[in-house]
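> All I have is the shape, not the residue letters:
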């Protein structure tokens with residue numbers, strides 16, 4: 001799409017429309033990414049309100065220095081600078097919905113995955 005991540009853009013509606021379509025068809029859905037509350041919050045809250053099944057929301061709370069360190073390990077690390085990242089960084093950009101789970105940055109990847117799989121019962125399928 002190449003669209004800038006701005007409030008009122010097409011991406012939030014596209015993502016939640018696609019997720020809603022799958023949910024209405026009875027499929028489990030995971031919406032994952034760096035989804036800023038300003039840009040994606042209204043569409044995600046609308047999706048959550050419309051969904052009659054179980055909805056789980058997780059927020060990975062990571063400090064800026066740790067964000068830089070993690071980004072440096074990605075193959076795409078050269079695509080933007082730490083200055084770019086600092087300008088986008090929101091330290092506590094939660095969705096703010098009931099039951100939202102905050103995962104601390106010291107949670108190991110395997111522990112985080114196990115937690116989400118256990119909560120969603122994804123491994124029972």
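Structure's in. What do you need? Bear in mind the structure is a predicted one, so any value in this text is a computation, not a measurement.
> Please state the offset of stretch 65-78 from the chain centre?
17 Å (Cα atoms, centre = their mean, to the nearest Å).
> what residues does it touch?
Residues outside stretch 65-78 that contact it (Cβ atoms under 8 Å, 6 or more residues apart in numbering) are 62, 82, 85, 89, 105. Every residue, glycine included, has its C-beta placed from N, CA and C.
> same check, this time on stretch 79-91
Residues outside stretch 79-91 that contact it (Cβ under 8 Å, 6+ apart): 36-37, 61, 63-64, 67-68, 71.
> make it 7 Å
Stretch 79-91 has contacts (Cβ atoms under 7 Å, 6 or more residues apart in numbering) with 36, 64, 67-68, 71.
> List the buried residues of that stretch.
By 16 or more other Cβ atoms under 10 Å, stretch 79-91 has no buried positions at all.
> for the record, mean pLDDT for it?
Mean per-residue pLDDT for stretch 79-91: 90.
> Are we agreed that residue 14 is in a strand?
No. Applying DSSP: H, G, I helix; E, B strand; the rest coil, one finds residue 14 to be helix, outside a strand.
> Distance of it relative to residue 66?
Computed with Cβ to Cβ, to the nearest Å, the distance linking residue 14 and residue 66 is 30 Å.
> if we can go back for a sec, could you flag which of the contacts of stretch 79-91 are buried?
67-68.
> hmm, which two among the contacts of stretch 79-91 are most spread apart?
Spanning the widest gap among these are 36 and 68, at 18.0 Å by Cβ to Cβ.
> distance between stretch 77-97 and the chain's centre?
Per Cα atoms, centre = their mean, the centroid offset for stretch 77-97 relative to its chain is 12 Å.
> go on, stretch 53-73?
That offset, for stretch 53-73, works out to 8 Å (Cα atoms, centre = their mean).
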